[in-house]
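[1] For reference, the sequence and a predicted model appear below.
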Amino acid sequence: MDEQTFMKEAVSLACDNTKGTKGGPFGAIVVKDGRIVGRGVNEVTSANDPTAHAEVQAIRDACRNLDSFQLAGCDVYTSCEPCPMCLGALYWARVRTVYFGFDRDDAAAAGFDDSLIYEEIGKPLQDRLLPMVRLEPAPGSASPFELWTQSAHRREY
């Protein structure tokens with residue numbers, strides 16, 4: 001299969017998702033070595049999960065199918081330019097390339113406007129609309145990061 005065939009599959013998932021009650025008009029697939037290893041559609045409203053975006057669902061499916069927490073060597077085809085959350089997930093998953101069909105302006109025109117989040121990310125913490133307050137750990141609290149660096153069970157990622 002070629003890039004256009006994979007993109008057609010991602011867009012088809014998005015279009016099919018508009019016919020049901022799972023969630024919004026988004027679809028994504030994960031491809032490794034020329035075969036689809038993960039699929040996802042937006043399931044935000046049916047799962048009552050604001051993180052159940054198509055890309056995240058496709059990442060979860062691919063990771064289960066590949067028995068791995070990383071997707072090195074995988075490409076993602078998504079019907080629309082990833083939102084900031086999905087973009088972060090794609091970076092964490094270590095995918096090779098992201099191909100997208102429609103862009104953030106197309107999504108905004110349909111009521112899925114992520115511009116506020118893009119703007120907020122670049123602001124200093126004290127200037128964000130969502131209050132971000134750092135609280136120092138209680139005296140005597142262990143540092144999970146120190147424990148992690150010393151753990152025999154640590155897996156690098």
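    It's in.

[2] Looking at the residue nearest to Leu129 when sequence neighbours are not counted now. What's its pLDDT?
    Leaving aside its sequence neighbours, Leu129 sits nearest to Glu120 (C-beta to C-beta, 6 or more residues apart in numbering; 6.3 Å). In this view, the C-beta of every residue, glycine as well, is placed from N, C-alpha and C. Looking at Glu120, its pLDDT stands at 96.

[3] What is the helix or strand hosting Glu120 packed up against?
    Assigning secondary structure by DSSP states H and E places Glu120 in helix 115-121. Secondary-structure packing of helix 115-121 (3 or more C-beta pairs under 8 Å, 6 or more residues apart in numbering; DSSP states H and E): helix 84-93.

[4] For the helix it packs on, enumerate the helices and strands it packs against.
    Contacts defined by 3+ C-beta pairs under 8 Å, 6+ apart place helix 84-93 against helix 54-66, strand 74-80, helix 115-121.

[5] which is the next helix or strand following it?
    Criterion used, DSSP H and E; the element after helix 84-93 is strand 97-102.

[6] I'd like the distance from that next one to the chain centre, please.
    What separates the centre of strand 97-102 from the centre of its chain is 13 Å, taken as C-alpha atoms, centre = their mean, to the nearest Å.

[7] That one pairs with which strands, and in what direction?
    Applying DSSP bridges to the sheet, strand 97-102 is found paired with strand 74-80 (parallel).

[8] By residue count, which helix of the chain is the longest?
    For the chain, the helix that runs over the most residues, judged by DSSP state H, is helix 3-17.

[9] before we move on, the earlier item: just send the helices and strands packed on helix 84-93 back as TSV, with mean neighbour count and distance to Leu90 too.
    Shown next, in TSV, are these (neighbours: other C-beta atoms under 10 Å; distance: least, C-beta to C-beta, whole Å):
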stretch	mean neighbour count	distance to Leu90
helix 54-66	22	6
strand 74-80	26	6
helix 115-121	11	15
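
[10] Out of those, which is closest to Thr5?
    Smallest distance to Thr5 across those (C-beta to C-beta): 9.3 Å, for strand 74-80.

[11] Mind checking the pLDDT average for that closest one?
    98.

[12] go on, stretch 126-133?
    Stretch 126-133 comes out at a mean pLDDT of 95.

[13] what's the helix or strand for the nearest residue to Asp113 once chain neighbours are set aside?
    Using C-beta to C-beta, 6+ apart and skipping the chain neighbours, the partner closest in space to Asp113 is Ala107 (7.2 Å). Here Ala107, judged by DSSP H and E, is contained in helix 104-109.
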